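>>> quick one, structure for this:
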Amino acid sequence: MANKIVYRTEDEVRDSAKIQLGFDKAEADVKQGTGQITTFNQLGFKGVIDKPDGWYLPDDYTLPAIILETKSEAEDISLQKWADELIKNCNIVSKKYKNTCGILYNGIDIRVFKNGTEVCNTEISNVLQNKSYYLSLFTQDNIDKQQIYNLTKRINDCLHTEFGIKNLYHRMIFTACALVAKRYGALLIEDMSFTLMKNSILSTLSKSLEESRKQNLKLDLLTEVYSEIKMNNTTNQEAINNFINWVSEISDCVNSDHWNGEDVMGIFFNEFNRYKKKSESGQVFTPDHITSFMYRLIEVNQNDKVLDAACGSGAFLVKAMCNMMKEAGGINTKKASKIKDSQLFGIEFDREIFALACANMLIHKDGKTNLEHLDSRSPEACDWIKSKNITKVLMNPPFESKYGCLTIVENVLKNVPRNTKCAFILPDKKLEKDKKGKKLLKHSTLEKIIKLPEKVFSEGVTTSIFIFTAGIPQNDKEIFACYIEDDGLETVKNQGRQDIKDRWQSIEDRWVDIIRKQSGDDTVQWIKPSKHLSYQMPEKPFEIFEEDFTKTMMDYLMFKQGIDVKEFSDSLVKKVMYDSKISSKESDITIVLKGKEVHNETN
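Numbers count the residues shown, from 1 in each chain. So this is what the prediction gives:
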């Protein structure tokens, strides 16, 4: 006899939601609670007799309000009638409140509506969270990116001219170490001496690594590289004070509730990197909007184990960390700790850039991330990857063959579990021009090629995202391909490419949908792997006009008569410009050349 499924009733779900949301505790200047008998009229909405299941209503109408609608576990909350019921109650509240969050919950599934529009379930936690999580939906994306650009330029100039740090990456590492130290409570105050400031950073840096080095001894490389940085022992107090203040401002942005993994540090590293196109290891830093896009393309989630085997400064790992923790309910959840402790894996070969990656993760309070200072082309790296049970790969490996680009790609594909989704940024024609490209298809399937806009990388290389499924041979399976011609970013003088008109998010949403459906844009192609391994730019159709025919005939006649075309053209232009009188009346233009009148009607 089968066991009968027992569902929680609506009352039980509501009581549970009350505690999870934190509606059960009294709070100054807020009406909050749950029930079935309280009307909106009793809550201050005169004459409205509808009854919400739960409410969070601040006395200050400029703050967000929350309305809860609960159902029993047996109810299917995907039905539109339940959403309509919640939205109706939210509309009542929105007559007073500027921002309203609606939550539809049956004890198992959850739907969230922000000002009447449903929030995509990939962008929020699928577990009911405390009310602060939903209130934060209205306080995101407020970091002043322009200020980060300005501060980074000032810091770079100051370290170069006043502190005498000539190496660009040393300037980046010194600043990153100062940010780590600030994050962990270093005493950095105005009017302190240069020596005291430098030693305070080193001392705090060492202490911050104590717990983390139990898991990863190679983090000590960070303090080693910091200690090796050569600089002037400057006595310019103004420069010292400026550096401390600028670092503090960036630190405040990283610590802000508005941080969305974009990474103030992503902006910071990319802005610094603008002053030098590539490192000695062929490193090309990935723009922040592309890391976000790739995360969504292979559907990374909070339970994945993410690898970047050429992690650079850690942009993909920080983006994954941010998005995964957001899905898990925020940085203070137990799941967030697990994500940071055992779900993010990175390899970097360049010693100084490895130190930079360590600093980046420490800035985000994640010293325990599994970062390894290894060569991803080596058997040791292959064994390390194989031992981690990776589920998703996000990478932008060094492009040049001399740095082992496709060897790294092959090692990753061969050492992650079968069916692992792997996304790599590579030059458009890399798989076709390198003999190793076709070899990859013997053990892995190239599913998609997404050609990126031409200007994504300032280095001038044109690139595509190549999405593989590891462990399954290609055979004759065709490859989906498309071309994102424009990412909406614009070049700002002396500041690189920026999303100054906030266009990228809607562009990203559109392309994620097109790529998921594999249709919906004229650039979509299906490529036979036996013919091509890149997006094929369509050939422009051949066109000929009457003017082309006339020009060809005139060129031929002048050739037969021995007339030099260039000489004749120059002479004609000079005659018209300098030996003629030109006048106009209404729509007529009159040219008088050596006493002869040429009349031309423009209409």
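>>> what helix or strand does residue 445 sit in?
Assigned by DSSP states H and E, residue 445 belongs to strand 444-451.
>>> and that strand, average pLDDT?
Mean pLDDT, strand 444-451: 97.
>>> and for stretch 293-311?
For stretch 293-311, mean pLDDT rounds to 95.
>>> which parts of it are buried?
For stretch 293-311, the neighbour count (16 or more other CB atoms under 10 Å) marks 293-298, 300, 302, 304-311 as buried. Where C-beta positions appear, they are placed from N, C-alpha and C, glycine not excepted.
>>> just these: which are in helices?
In this view, the buried residues of stretch 293-311 that belong to helices under DSSP state H are 293-297.
>>> turn those residues into CSV, including distance to residue 27.
Shown next, in CSV, are these (distance: CB to CB, whole Å):
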residue, distance to residue 27
293, 39
294, 41
295, 36
296, 36
297, 41
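>>> just these now: which is nearest residue 90?
residue 296 (27.4 Å; CB to CB).
>>> re the thing from before, just the ones in helices among the buried residues of stretch 293-311 now: which is nearest residue 208?
Nearest to residue 208 among these is residue 295, at 27.3 Å by CB to CB.
>>> identify the farthest-apart pair in the buried residues of stretch 293-311.
Between any two of the buried residues of stretch 293-311 (CB to CB), the greatest distance is 24.0 Å, for 302 and 310.
>>> before we move on, the earlier item: looking at the ones in helices among the buried residues of stretch 293-311, which one is closest to residue 230?
Using CB to CB, those come closest to residue 230 at residue 294, 37.0 Å.
>>> excluding residues flanking it in the chain, which one is nearest that closest one?
Computed as CB to CB, 6 or more residues apart in numbering, the closest residue to residue 294 that is not its neighbour in sequence is residue 423, at 4.8 Å.
>>> surely that neighbour is in a strand?
Yes - assignment of residue 423 by DSSP: H, G, I helix; E, B strand; the rest coil places it within a strand.
>>> what about it, how many neighbours?
23 (other CB atoms under 10 Å).
>>> in this structure it contacts residue 395, no?
Yes - Residue 423 lies in contact with residue 395 (CB atoms under 8 Å); the separation is 7.1 Å.
>>> ok, residue 91 to residue 238 distance?
Distance, residue 91 to residue 238, by CB to CB, to the nearest Å: 56 Å.
>>> which of these two has more residues huddled nearby?
More crowded of residue 91 and residue 238, by other CB under 10 Å: residue 91, with 13 against 10.
>>> in which helix or strand does the more buried one reside?
helix 80-93.
>>> identify each buried residue in that helix, please.
82-83, 85-87, 89-90, 92-93.
>>> how about the helices in the stretch 351-500 of the chain?
With DSSP state H, counting those that start in this stretch as the criterion, the stretch 351-500 of the chain has helices at 351-363, 379-386, 405-415, 430-433, 436-440.
>>> just the pLDDT for residue 91.
Value for residue 91, per-residue pLDDT: 95.
>>> which strand residues bridge the residue nearest to residue 294?
residue 394, residue 467 (DSSP bridges).
>>> how near is it to residue 235?
The value you get for residue 423 to residue 235, if CB to CB is used, is 50 Å.
>>> cool, residue 157 as well?
Distance from residue 157 to residue 235, by CB to CB: 18 Å.
>>> what does residue 505 give?
From residue 505 to residue 235 the distance is 47 Å (CB to CB).
>>> more neighbours, those two?
Neighbours were counted for residue 505 and for residue 235 using other CB under 10 Å; residue 505 has more, 13 against 9.
>>> got a list of what that one touches?
For residue 505, the contact set (CB atoms under 8 Å, 6 or more residues apart in numbering) is empty.
>>> quick check: it vs residue 487, distance?
11 Å.
>>> count the residues that sit near residue 60.
Residue 60: 8 neighbours (other CB under 10 Å).
>>> thought residue 96 was touching it, still the case?
No - judged on CB under 8 Å, residue 60 makes no contact with residue 96 at a distance of 10.8 Å.
>>> helix or strand: which one has residue 520?
Going by DSSP H and E, residue 520 is not in any helix or strand.
>>> so it touches residue 513, yeah?
Yes - counting by CB under 8 Å, residue 520 does reach residue 513; the two are 6.9 Å apart.
>>> contacting residues for residue 335?
Residue 335 touches 302, 325, 328-329, counting by CB under 8 Å, 6+ apart.
>>> over to residue 21?
54, 56, 66, 68, 103, 128-131.
>>> in CSV, list the residues you listed along with distance to residue 477, secondary structure and neighbour count.
Listed next are the contacts of residue 21 as CSV, based on distance: CB to CB, whole Å; DSSP: H, G, I helix; E, B strand; the rest coil; neighbours: other CB atoms under 10 Å:
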residue, distance to residue 477, secondary structure, neighbour count
54, 50, strand, 22
56, 51, strand, 24
66, 48, strand, 25
68, 47, strand, 27
103, 43, strand, 24
128, 41, coil, 22
129, 41, coil, 20
130, 46, coil, 16
131, 48, helix, 21
